[in-house]
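Engineer: Here's a sequence, model it:
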Amino acid sequence: MTVNNGSFLKTIFDPSPSNYAVPKSAAFTGFDHPSGNVAGSWQYGFYFYTLGWQTGPTHFIPAIGDRYFGGNIQEHNEYLNYWTAGPVNNSQAYDLNFKHNFINSALVLNKAYAFCIWACKL
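Structural biologist: This next block holds a predicted model:
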C-alpha cells in the first residue's frame with residue numbers, strides 16, 4: 001500500500017475535535033530532512049515550513065517522546081512518532097517519525113504503539 005494524499009472520510013474513530021482530523025498518510029511527506037523542509041536547527045523538535053518547499057510561515061512540531069507497548073514514556077525531547085490516518089494493513093499504519101538527525105515522513109509501525117496524533121484543520 002502507498003501513502004494517501006487523496007480524500008478520506010472522517011469517522012467516529014477519529015479522536016480529533018470537530019473540524020479537525022488525523023492527517024492523511026501523505027501529509028508529512030514534504031518534511032524530509034536533513035536537506036529538507038525545516039527552518040533552523042534542532043530545538044527539541046523542528047520548525048517546518050507550511051506552504052511548500054522552504055517557503056511561507058513555519059510551525060513547530062516538538063519531540064515529545066513516545067509511549068511504547070510497556071506503557072512507559074520514552075525519549076522525551078529526543079524523538080517522536082505522530083500517527084496518520086493511513087493504515088498499511090490490519091496491524092500496521094504510517095506515521096511521522098523524527099529525531100535530531102533524521103525525518104521519516106511515512107514510517108510503517110505496529111498499531112499497538114500509543115503515539116501522538118497531530119490533529120489537522122479540515
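
Engineer: only C-alpha atoms for contact and neighbour calcs from this point on.
Structural biologist: Will do.

Engineer: The residue with the largest distance to the centre of the chain: which element?
Structural biologist: Most distant residue from the mean C-alpha position of the chain: Gly70, 21.5 Å away (CA atoms, centre = their mean). For Gly70, there is no helix or strand it lies in under DSSP states H and E.

Engineer: Compute the distance from the centre of stretch 115-122 to the centre of its chain.
Structural biologist: Centroid separation between stretch 115-122 and its chain, computed with CA atoms, centre = their mean, to the nearest Å, is 8 Å.

Engineer: Now it: buried residues?
Structural biologist: 115-119 (16 or more other CA atoms under 10 Å).

Engineer: what do you get for stretch 40-50?
Structural biologist: Residues of stretch 40-50 classed as buried: 44-50 (neighbour count, 16+ other CA under 10 Å).

Engineer: Serialize the residues you listed to CSV and add fields for distance to Leu9 and pLDDT.
Structural biologist: Formatted as CSV, these follow (distance: CA to CA, whole Å; pLDDT from 0 to 100):
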residue, distance to Leu9, pLDDT
Tyr44, 33, 90
Gly45, 30, 89
Phe46, 29, 88
Tyr47, 29, 90
Phe48, 26, 86
Tyr49, 26, 85
Thr50, 23, 79
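
Engineer: quick one: which of those residues is nearest to Phe31?
Structural biologist: Phe31 lies nearest to Phe48 out of those, by CA to CA, at 6.9 Å.

Engineer: With just CA atoms, put the host helix or strand of the closest one into PDB.
Structural biologist: According to DSSP H and E, Phe48 maps onto strand 45-49. What follows is strand 45-49, C-alpha atoms only, in PDB (Å, rounded to 0.1, in the frame of the first residue of the first chain):
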ATOM      1  CA  GLY A  45      11.800  19.500  17.600                       C
ATOM      2  CA  PHE A  46      11.800  21.200  14.300                       C
ATOM      3  CA  TYR A  47      10.200  24.300  12.700                       C
ATOM      4  CA  PHE A  48       8.700  23.100   9.500                       C
ATOM      5  CA  TYR A  49       7.700  25.300   6.600                       C
END
